[in-house]
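Trainee: From the sequence below, what's the structure:
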Amino acid sequence: MPYKDKEVQREYFRLRNKRRYNNKCLDCGDVCHETSSRCKPCSKLKKYRNPSVRQKGWAKKINGVYLQRIATRIRDLVEYSEWRLKVFRRDRFVCQMCLESGKVLNAHHVVRMKRILVDEGIDTIAKAISCSLLWDINNGVTLCHSCHKKVHKL
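Mentor: Residues are numbered from 1 along each chain as shown. Got it, this is the predicted structure:
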């Protein structure tokens, strides 16, 4: 933007930068960009680059493998899709908390997948396929997306 008065231009940029850089870093307290919660040096730390560390409890490792990576691979299996469909059919495609149908549905493990992976020591897909508790439809319940979020917040 061309400005006729240099003082007006300086004031514009000062205010613009003040709006842009008004957040404080969650770790060190330095000023950071408005769209981020951490400054550049803190955001480059290794602990924030690993996506499994961000979710509570998924940072655990079993024989050197992150639980989140195992869970993601399990969710990609055909057996997992079949398990979900069996749970949905048993519950007649109705959320079991709010009893509404026609919403986006999730199949929720009553005994959480993370707990099953840790207790059974599942670190490979072969072990996951052979685990009966993971594929038991009585360990699953149909929930809509909003109710599923509520269950995980408890």
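Trainee: where are the low-confidence patches of this protein?
Mentor: Scanning the chain for pLDDT under 70 picks out 1-4, 12-65.
Trainee: can I see the domain layout of it?
Mentor: As assigned by automatic domain parsing, the chain contains the domains 1-49, 51-154.
Trainee: and the nearest residue to Trp83 once chain neighbours are set aside, how far is that from Leu105?
Mentor: Computed as CB to CB, 6 or more residues apart in numbering, the closest residue to Trp83 that is not its neighbour in sequence is Trp135, at 5.3 Å. In this view, the C-beta of every residue, glycine as well, is placed from N, C-alpha and C. Using CB to CB, to the nearest Å, Trp135 is found at 18 Å from Leu105.
Trainee: These two: which is more packed in?
Mentor: The neighbour count for Trp135 versus Leu105, taken as other CB atoms under 10 Å, is higher for Leu105 (20 against 17).
Trainee: Give the phi and psi angles for that one, as a check.
Mentor: phi -110, psi 150 (degrees, to the nearest 10).
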